[in-house]
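# What shape does this take:
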Amino acid sequence: MTGKTEKNEQTAKAAGPQDGEQDRLLRHRRRRRIQLAAVVAGGTVLAAGGLFWLSGGLQAWLDDRALDSACDGTLAAGAVRELVGGAQVTAETRTGRDFWQCRVSEADEEYEEDGRIDLRVTVSDARDRASLLEAAGTDAPLGHGWTGGFAFDPDRERRGEATASVLLDCGGNRDGGIVAEVRARMDRADFGRPEARAGLTAVLTRTATAYARQEGCEVTEGEPVRKVGTSVNAWDHKPFASVSGSCAGIVDPRTAARWGVRTAVETVPGPKPVEGCTLGGLRGAPLYTFTASYGPALEWSTRERLEELAERPAGDAPDGRYVLWADCGTTERAAYVVAPAGGGRDRSPLALDHTGLRTALSAFAERSAQAHRCTLTAD
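Numbers count the residues shown, from 1 in each chain. Take a look at the predicted model:
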C-alpha cells in the first residue's frame, strides 16, 4: 500500500504542472475572446457613430437643438419645425439702428445664397419713421384678436412666397407699440394651403410677442390663428348687393345705384394695418376707393400729403378726395381716405356726390376706428 501511494503521489506531481498550464491557456483564450468581442462591439458603435456623423446626422441634430435658443430665445422653434417640414435649417439674429431681425435659412450651403428656405421675422418700433412694414388693403385679416394681415396672391406662380404683418400694442408702457413682419420664400411650400398660412402666422405672432416681452412690452396676445384667408385682387369683385365685409354699410343701395356702383372688392372684416374697400362699375372697373391706414402703415410722405389735403378750404373738393383722422392712444394716428377714380391732383371725371362721399367716408371710418379702439377727431 505504501508503494502504491508513493507512486500515485509522484504521478500527480509529474502531471500537476501540465494541468496548471492547460488551465492558464484556457483562461487566456477566454479573456482574448471577451476582449475581441468588446473590440468588435466598440468598433460597431464607433462605426455607427461615424456613419451618423458622416451622413450629417450629428450636424442636423445640433442645428435642430440650436433652434430652441435661436434669436435670443425668441424664435418660435416649434412653429418653424412644422412649417419647414423636417428640412435642416439654421437661424441667426440681425440688428440695425431701427430694426431687429430673426432669419431662418437652409442649412445646406450647396444651394444658392439664400438657399431654398428664407424666412425672416423683422421687428421695429412703430414710432420710427423708417419702421419696416408692407401692408395693403387687399391683405386678408389675421383675426383671432390680432391686428394684422396676410398677403398671398393665390393666382401667382410662386406658391412659396408670402408675407404677414402684425401691430402689437404695449399697453401704455411703450409709446407707439411694435410692428412685426414675416417674409417667407420657401421653394417647397405652398401658401395656397390653409395649413401653411396658419403655420407662417404662428411663426410671426409667437416670435414677435416673445421679442416684445423681452423688450418690456406688455403685449396682449390674440388667440392662435387656426385659419387665415388670402389676398384679394381687382378681378375678385362681387355684386354690390352681396357685400358683407370691409365694404358693408358704407353706402345704401339707392346711393350706390345713383353712383353707378354695381360691384365691390372687399376683404372679410377684421382689424389690419391697412384696410380697404373698392366700389366699382358693372364689370369691376374701380370708381371709389376707401382706405384706412394705422400707425406705421401710414407712411410719412403720405401723411404729409393727407395733412395738406385736410388743410384745404372747407367745401367741395374738385378731385373728390376727403380725409378723416383718428386718435388711437399710444399708437400713431390713423387716416381714412376716399378717392374717386381718375381724380389725380385736380378734378375727377366722375359726376361727384360730395355730400354722399363725405357721408360714406364717415361710415367707413367709424366702423374701422371702432374695431381698432380709436376715436375719430375733428382734424
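# Just give the closest residue to residue 94, not the sequence neighbours.
By the measure of C-beta to C-beta, 6 or more residues apart in numbering, the closest residue to residue 94 outside its immediate chain neighbours is residue 101, 4.3 Å from it. All C-beta atoms are positioned from the backbone trio N, CA, C, and that covers glycine.
# The one you found: which element?
If you go by DSSP states H and E, residue 101 is part of strand 100-106.
# Show me the contact partners of that strand.
70-71, 74-75, 80, 84, 87-95, 114-124, 207, 211 (C-beta atoms under 8 Å, 6 or more residues apart in numbering).
# how about 7 Å then?
Residues from elsewhere that reach strand 100-106 (C-beta atoms under 7 Å, 6 or more residues apart in numbering): 71, 74-75, 80, 87, 89-94, 114-123, 207, 211.
# quick one: average pLDDT of the very next helix or strand once past it?
Per DSSP H and E, strand 100-106 leads on to strand 117-125 as the next helix or strand towards the C-terminus. What strand 117-125 shows for mean pLDDT is 92.
# per-residue pLDDT, the nearest residue in space to residue 328 that is not next to it in sequence?
Counting by C-beta to C-beta, 6+ apart, residue 374 is the residue found nearest to residue 328 once chain neighbours are left out, at 4.0 Å. At residue 374, the model reports a pLDDT of 92.
# Residue 374 reaches residue 325, doesn't it?
No: counting by C-beta atoms under 7 Å, residue 374 stays clear of residue 325, with 9.5 Å between them.
# Strands of this protein, residue ranges please.
Under the criterion DSSP state E, the chain carries strands at the ranges 89-95, 100-106, 117-125, 140-143, 146-151, 161-168, 178-186, 238-239, 263-265, 274-280, 286-294, 322-327, 334-340, 375-377.
# Relative to residue 215, tell me which of the ones you listed wins on proximity.
strand 178-186 (7.6 Å; C-beta to C-beta).
# list the helices and strands the closest one packs on?
Strand 178-186 sits against strand 117-125, strand 161-168, helix 194-214, with contacts defined as 3 or more C-beta pairs under 7 Å, 6 or more residues apart in numbering; DSSP states H and E.
# helices or strands next to the second one in the packing?
Just to be clear, that refers to strand 161-168. Looks like strand 161-168 contacts strand 146-151, strand 178-186, helix 194-214 (3+ C-beta pairs under 7 Å, 6+ apart).
# The last one too?
Contact analysis of helix 194-214 by 3+ C-beta pairs under 7 Å, 6+ apart lists helix 77-84, strand 117-125, strand 146-151, strand 161-168, strand 178-186 as its packing neighbours.
# what sits against residue 71?
Contacts of residue 71 by C-beta under 7 Å, 6+ apart are 91, 93, 102.
# mind redoing it with 10 Å?
Applying C-beta atoms under 10 Å, 6 or more residues apart in numbering to residue 71 gives the contacts 77, 91-94, 100-104, 121, 207, 210-211.
# nearest to residue 314, of the helices and strands packed on strand 178-186?
Nearest of the helices and strands packed on strand 178-186 to residue 314, taken as C-beta to C-beta: strand 161-168 at 32.8 Å.
# Could you check how far that closest one is from the centre of its chain?
Centre-to-centre, strand 161-168 and its host chain are 5 Å apart (C-alpha atoms, centre = their mean, to the nearest Å).
# ok, that strand: who's next to it in the sheet?
Applying DSSP bridges, strand 161-168 is found paired with strand 146-151 (antiparallel), strand 178-186 (antiparallel).
# possible to save the ones you listed as a markdown table with mean pLDDT?
Converted to a markdown table, the strands paired with strand 161-168 look like this (pLDDT from 0 to 100):
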| stretch | mean pLDDT |
| --- | --- |
| strand 146-151 | 95 |
| strand 178-186 | 93 |
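# out of the helices and strands packed on helix 194-214, nearest to residue 369?
Nearest to residue 369, of all the helices and strands packed on helix 194-214, is strand 146-151, at 12.6 Å by C-beta to C-beta.
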